[in-house]
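Colleague: one predicted model, sequence on top.
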Amino acid sequence: MSGHSKFANIKHKKEKNDSAKGKIFTRLGREIAVAVKEGGPDVNNNSKLKDIVAKAKSNNMPNDTIERSIKKAAGDVNSVNYEAVTYEGYGPGGTAIIVEALTDNKNRTAANIRNAFTKGNGNVGTQGCVSFMFDKKGQIIIDKEECELEADDVMMTALDAGAEDFSDEEDSYEVITAPDDFSIVRQALEDAGIPMLEADVTMIPQTWVELTDENDIKMINRTLDLLDDDDDVQNVYHNWDE
């Protein structure tokens, strides 16, 4: 995994997100709503909610906004029910793309996602057509500049908590966990005062595809931008080696 921590992409994404905080907060609000409905509003007794709250804080979502989202989800029995849906497909040059969405209208979401693939010279495939090329893992990225501990201390904290792998990259540390161990490892790092730039259960490609054709690069960027602009889309995973 060395060389593919995607730290630069995350920093770029966060900078981009800073100009569209409203959209990010809307997506996080949906995740909070789903987590509250599944496991209740008590952060200490709902590990999924606790992870999402930590994710919201890393995206600079204000505490009062987080608390309002939890209270709204817990108290409003008539609130919108979001359904989790996943789409898989191919982008230009044989790239693989997975899209996770939370939606209150599956027909609208499916049409929008199909449109994003089509406009980027790609196509939506059947369930499972590309997901076998990815491994579902917990991934935690730590910015070295923000971390006061030595690499060995960060590594031992992560591994002692149950992490599978630790990578010391040029400007970041990357911690990989099994999905079921993610919450425990993330909490251990938080308890140790280690600031996390990104912490989430994600889909990590087993192999990466390099695009050399300028039109292919233009088209995949178009697809990713269209997906990013869609309010229903929560996460997009791909194996394009940017």
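Modeller: All right, it came through fine.
Colleague: so residue 34 makes contact with residue 84?
Modeller: Yes: at 7.2 Å, residue 34 and residue 84 qualify as touching, with contact defined as CB atoms under 8 Å. C-beta: built from backbone N, CA, C; applies to glycine.
Colleague: now do the shared contacts for the two.
Modeller: residue 102 (CB atoms under 8 Å, 6 or more residues apart in numbering).
Colleague: more crowded one of these two?
Modeller: residue 34 (20 against 12; other CB atoms under 10 Å).
Colleague: flag the shaky bits of the chain, pLDDT-wise.
Modeller: 1-21, 77-79 (pLDDT under 70).
Colleague: that one: strands as residue ranges?
Modeller: 83-90, 96-103, 123-124, 134-143, 165-168, 172-177, 198-205, 233-238 (DSSP state E).
Colleague: helices of this protein, start to end?
Modeller: With DSSP state H, the ranges of helices along the chain come out as 7-18, 21-39, 47-58, 63-75, 106-119, 151-160, 182-191, 214-229.
Colleague: so who does residue 139 touch?
Modeller: Contacts for residue 139 (CB under 8 Å, 6+ apart) come out as 174, 175, 176, 177, 198, 199, 200, 201, 202, 204.
Colleague: pull the number of nearby residues for the closest residue to residue 228 other than its chain neighbours.
Modeller: Nearest residue to residue 228 in three dimensions, chain neighbours excluded: residue 236, at 7.1 Å (CB to CB, 6 or more residues apart in numbering). Here the number of neighbours of residue 236 (other CB under 10 Å) works out to 19.
Colleague: what comes up buried for stretch 52-62?
Modeller: Residues of stretch 52-62 classed as buried by neighbour count (16 or more other CB atoms under 10 Å): 52, 53, 54, 55, 56, 58, 59, 61.
Colleague: so how far is it off the chain centroid?
Modeller: Put simply, stretch 52-62 sits 12 Å off its chain's centre (CA atoms, centre = their mean, to the nearest Å).
Colleague: same deal with stretch 89-101?
Modeller: Counting by CA atoms, centre = their mean, stretch 89-101 is centred 15 Å from the centre of its parent chain.
Colleague: one more: stretch 187-194?
Modeller: Using CA atoms, centre = their mean, the offset of stretch 187-194 from its chain centre is 20 Å.
Colleague: check stretch 198-214 too.
Modeller: 12 Å.
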